[in-house]
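[1] Below is the structure, and that's it, no one-letter string:
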Ligand code: HEM
């Protein structure tokens, strides 16, 4: 599938994820600055995440230590952070509309990586004959309708004096441009709709699945879980963890980085297209060629990592146990298209993970050994853990 077809089929060109050129530049810049205004990387979103931690912990407690699949709850928690920024509200985990929104995104990510969609990429006219393709198109349409409805509600109660969320910020910016008689700006309804769809989709499953991997590694490697807990107890005790604590928690930080490295969540990033002719390592790549930045090749690079294929938190620790950055740590990709939610995602993963570990010990279900926990991913556009249950046993 070329980029033109991709944008026509998936988004019609607007938004951020699959857009290009001036419109992409403007929407990306606007999204980044608005996410920052709403606290990405700052105290405001820290507060929102900490509030959400309480809901998440309550939900986990309800299972009373019995084995359950934690995927949905983790994805809902992550989704509520981006929802709060996009729409100015969080959803109840039991809200069927919210559940359907999140499930559709999850399903779309799986379908995008399915074998029949690969066939479709090679022979696009087959699309309508493939069930996966039809399901994906239906998902995208349903999602569009739902997001339109939410944006419509926000428009009805819109007050330019009071900026509640991303959607308001977009509308306020558009009004300003209109007042200064700037016509044909990029701030049209389609760019609003698709930016919201993109940010919601990009910010939900990614972060939720990463958290799921983190907990799975902890259940699989209990001695590492013990060390995280020892550090948390020593440095933070029983009070709520905050972002400031990260620099004093090098082992925990290393465990999170190693989880993100090994889980290799977005193995092929998003396809890019060369904007000019390029010569690279003796290869000539023509302008307009679709290029897949294989993040797997960096995250598992044998010349960069001591143990590329095993969970080794010491990849990120020096001799004295201090945290060290690694250049080959690129789960968010790199360059001008680097993930724009990285700051928010890192904050979420750190706060959700540490808060959960303060409250629960994660173990395999009774009768299942650590060895039997399955690290084989479900292949999709992102790599999520295979469906399986864990116990969240309350700590005293
Ligand atoms: C652990 C969580 C996350 C991971 C691993 C992740 C990873 C990625 C990767 C690999 C890309 C592709 C970069 C490329 O094209 O080379 C990307 C793009 C993107 N991500 Fe994330 N992401 C995460 C969370 C988030 C969150 C929370 C948001 C929203 C606030 C977000 C918004 C985006 C957007 C909008 C793009 C497209 C950027 C563009 O095309 O200019 N991501 N992400």
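    Everything's here; your move. These numbers were taken from a predicted model, which means no experiment stands behind them.
[2] For the ligand, see how far away the residue nearest to the spatial centre of the chain is.
    The centre of the chain sits closest to residue 206, judged by C-alpha atoms, centre = their mean, with a distance of 2.6 Å. Separation of residue 206 from the ligand (C-beta to the nearest ligand atom, to the nearest Å) stands at 4 Å. Every residue, glycine included, has its C-beta placed from N, CA and C.
[3] I'd like the mean pLDDT over whatever helix or strand that residue lives in, please.
    In the assignment (DSSP states H and E), residue 206 maps to helix 189-220. Across helix 189-220, pLDDT averages out at 94.
[4] Pull out the buried residues from it.
    The neighbour-count check on helix 189-220 (16 or more other C-beta atoms under 10 Å) flags 191-220 as buried.
[5] still on that earlier bit, and the residue nearest to the centre of the chain, how far from residue 349?
    According to C-beta to C-beta, to the nearest Å, residue 206 stands 10 Å off from residue 349.
[6] show me what contacts residue 287?
    274, 275, 276, 277 (C-beta atoms under 8 Å, 6 or more residues apart in numbering).
[7] Same list (those) but as CSV, adding pLDDT.
    Listed next are the contacts of residue 287 as CSV, based on pLDDT from 0 to 100:
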residue, pLDDT
274, 87
275, 84
276, 90
277, 94
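[8] confidence score at residue 24?
    pLDDT at residue 24 comes out at 89.
[9] and it, what does it touch?
    residue 16.
[10] Ok, residue 88 next?
    Contacts of residue 88 by C-beta under 8 Å, 6+ apart are 154, 164, 165, 167, 168.
[11] give me phi/psi at the closest residue to the ligand within the chain?
    Relative to the ligand, the nearest point of the chain is residue 341 (2.1 Å; C-beta to the nearest ligand atom). The phi and psi values for residue 341, taken as degrees, to the nearest 10, are phi -100, psi 10.
[12] what's near enough to touch the nearest residue to it once chain neighbours are set aside?
    Leaving aside its sequence neighbours, residue 341 sits nearest to residue 203 (C-beta to C-beta, 6 or more residues apart in numbering; 5.2 Å). Contact analysis of residue 203 by C-beta under 8 Å, 6+ apart lists 78, 79, 81, 82, 341, 344, 345.
[13] For the fourth one, the count of nearby residues, please.
    Right, the one you point to is residue 82. 24 (other C-beta atoms under 10 Å).
[14] would it count as being in a helix?
    Yes. If the criterion is DSSP: H, G, I helix; E, B strand; the rest coil, then residue 82 is within a helix.
[15] give me the number of residues near the residue of the chain closest to the ligand?
    Neighbours of residue 341 (other C-beta under 10 Å): 21.
[16] From what I see, it and residue 199 are in contact.
    Yes. Look at residue 341 against residue 199 with C-beta atoms under 8 Å: they come within range, at 7.4 Å.
[17] Overlap of the contact sets of those two?
    The contact sets of residue 341 and residue 199 overlap at residue 82 (C-beta under 8 Å, 6+ apart).
[18] Okay, and residue 284 sits in which element?
    Residue 284 belongs to strand 283-285, assigned by DSSP H and E.
[19] quick one: is the helix or strand following that strand near the ligand?
    The C-terminal neighbour of strand 283-285 among helices and strands, as given by DSSP H and E, is strand 290-291. No. Strand 290-291 lies apart from the ligand when judged by C-beta under 6 Å from any ligand atom; the minimum separation is 9.9 Å.
[20] same thing with stretch 20-34?
    Yes. Using C-beta under 6 Å from any ligand atom, stretch 20-34 comes into contact with the ligand via residue 28.
[21] Next: stretch 77-97.
    Yes. Stretch 77-97 reaches the ligand (C-beta under 6 Å from any ligand atom) through residue 82.
[22] which parts of the stretch 151-300 of the chain sit against the ligand?
    So far as C-beta under 6 Å from any ligand atom goes, the stretch 151-300 of the chain lies against the ligand at 198, 199, 202, 203, 206, 207, 210, 265, 266, 269, 270, 293.
[23] what about 8 Å?
    Counting by C-beta under 8 Å from any ligand atom, the stretch 151-300 of the chain comes close to the ligand at 198-199, 202-204, 206-207, 209-210, 260, 265-266, 269-272, 293, 295.
[24] and residue 161, which of the three is it?
    coil.
[25] Show me which parts of stretch 103-123 are buried, residue by residue.
    Buried residues in stretch 103-123, counted by 16+ other C-beta under 10 Å: 104-114, 116-117, 119-121.
[26] oh, I was asking about stretch 344-357
    For stretch 344-357, by 16+ other C-beta under 10 Å, it's 344-357.
[27] Could you do stretch 135-150 as well?
    Buried residues in stretch 135-150, counted by 16+ other C-beta under 10 Å: 135, 136, 137, 139, 140, 143, 146, 147, 150.
[28] Show residues contacting it.
    Taking C-beta under 8 Å, 6+ apart as the rule, stretch 135-150 contacts 9-10, 87, 97, 100-101, 104-105, 107-108, 111-112, 117, 127, 193, 196-197, 200.
[29] again, only using 7 Å
    10, 87, 101, 104, 107, 108, 111, 112, 193, 196, 197 (C-beta atoms under 7 Å, 6 or more residues apart in numbering).
[30] same check, this time on stretch 316-335
    Contacts for stretch 316-335 (C-beta under 7 Å, 6+ apart): 250-251, 253-254, 257-258, 260-261, 265, 269, 293, 295, 298-299, 301, 304-305, 315, 338-339, 342.
[31] filter those residues to the buried ones?
    250-251, 253-254, 257-258, 260-261, 265, 269, 293, 295, 298-299, 305, 315, 339.
[32] If the closest residue to residue 215 other than its chain neighbours is in a bridge, with which residues?
    Once flanking residues are discounted, residue 215 sits nearest to residue 362: 5.1 Å by C-beta to C-beta, 6+ apart. In this entry, residue 362 is beta-bridged to residue 392, by DSSP bridges.
[33] wait, residue 362 sits on residue 389?
    No. With contact defined as C-beta atoms under 7 Å, residue 362 and residue 389 do not form a contacting pair (11.0 Å).
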